[in-house]
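S.K.: When you get a sec, could you give me coordinates for this:
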Amino acid sequence: MSKSSFAGGPAEMAGLFTLSIRLVIGWTYFSAFWRRLILDNKLIPDEAGYIGEKFNHFLPNALGIKPLIEYLVTHPEALHKSMVAFTIIEAIVGLLIILGVFTRLMSLGIFALAMGILLGSGWLGTTCLDEWQIGVLGIAGGFTLFLTGSGSYSLDNYLLRNKEGLRAKRWFSWLGSGNFPIAKVKPFVLTVSLLIFGLTLYTNQFFHGGVWGPLHNKSVKPKLEISNVSLSNNELRFEVYRTEGADVYGSFLIGIELINERAEVLKSWNNVELSRFPEADIHNHYVAKIKPGKHALIIPLGAKADLTLNTADIADEMGKVQTLKLVDVSGIEWTARLK
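M.R.: Reported below is the predicted structural model:
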């Protein structure tokens, strides 16, 4: 067997072998900043493409961090500050990973960012398990970079070669690169790897039924939840919350019907009427807003609102109403019985 021509030690060799992972993961996170601020400004509230609304899409089926997401989407100023801070952190972590600066410290940032993606949006993905795959691979990649640090073609390596005594500094081994600072490395690697694998299996099952089924994908069809339905003072009031479906495509409500016990429609609103729905009669709870569109009432993923409609023309038959029906442009229908 020929002897390797590589001049560095084992730590530098390991860092070199993960160069492609370092560059790709680094760009994955730095590009979020690049897309949101350089190519297009997506940090302006109330404008199309605002990243805060995308964050709102995570809410319905997030794992473990739902209360945090709900707090932010109900406090727009805090949400905006968080989105700015999150974008800056992604830019710093991604750029420093690409350059190989304090690689082990930045790999913990990669690990944390990927964990946030996994828990918040691991259920999203219309054709593949897109966000779940990004999350679990980011966690595994971040841990791998923590183990290897950076080798050749990194600023960590430049400092190790040119700053006398830095290689012996334990703090730099923890934060930068060089020899891994744990003596019993095999049990450590095995334990953390099994924990990451366990997290992968658990979230795959939780979000998608991907371990023992049945398989499900909550990003395919829109789902609306109807609650707090009431008829009083010649008005219909109810709360609607969109909890499933594609995050890039709204639910288009083209019909609302009030039905009696004989399945007769006592009152209905068609798509034209819903496209002219008075915004004053829509009380949105979150950043993602239900609003009238050109041909329907648009309900984005994660949006929740209280709607009020006038029923004065059926005042004499209000007591006969038993069911509220909502109709999507796709033909899907949702119903709720009045108490």
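S.K.: in the stretch 151-300 of the chain, which spans are helices?
M.R.: Ranges of helices within the stretch 151-300 of the chain are 155-162, 170-175, 185-208, 271-275, based on DSSP state H, counting those that start in this stretch.
S.K.: Could you dump the ones you listed into JSON lines and include mean neighbour count, mean pLDDT and distance to residue 122?
M.R.: Just so you know, the C-beta spots here come from the backbone N, C-alpha and C atoms, and that holds for glycine as well. Below are the helices of the stretch 151-300 of the chain laid out as JSON lines (neighbours: other Cβ atoms under 10 Å; pLDDT from 0 to 100; distance: least, Cβ to Cβ, whole Å):
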{"stretch": "helix 155-162", "mean neighbour count": "18", "mean pLDDT": "94", "distance to residue 122": "31"}
{"stretch": "helix 170-175", "mean neighbour count": "16", "mean pLDDT": "95", "distance to residue 122": "29"}
{"stretch": "helix 185-208", "mean neighbour count": "14", "mean pLDDT": "97", "distance to residue 122": "5"}
{"stretch": "helix 271-275", "mean neighbour count": "17", "mean pLDDT": "97", "distance to residue 122": "33"}
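S.K.: Format the ones you listed as CSV; extra columns: distance to residue 99.
M.R.: Formatted as CSV, the helices of the stretch 151-300 of the chain follow (distance: least, Cβ to Cβ, whole Å):
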stretch, distance to residue 99
helix 155-162, 5
helix 170-175, 14
helix 185-208, 25
helix 271-275, 51
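S.K.: Residue 78: which of these is closest?
M.R.: helix 185-208 (26.6 Å; Cβ to Cβ).
S.K.: Find the residue ranges of this protein scoring beneath the pLDDT cut-off.
M.R.: 1-8 (pLDDT under 70).
S.K.: domains for it, by residue range?
M.R.: For the chain, automatic domain parsing gives the domain ranges 10-208, 223-337.
S.K.: and the last one, how far out from the chain's middle?
M.R.: Pointing back at domain 223-337 there. In terms of Cα atoms, centre = their mean, to the nearest Å, the centre of domain 223-337 is set 26 Å apart from its chain centre.
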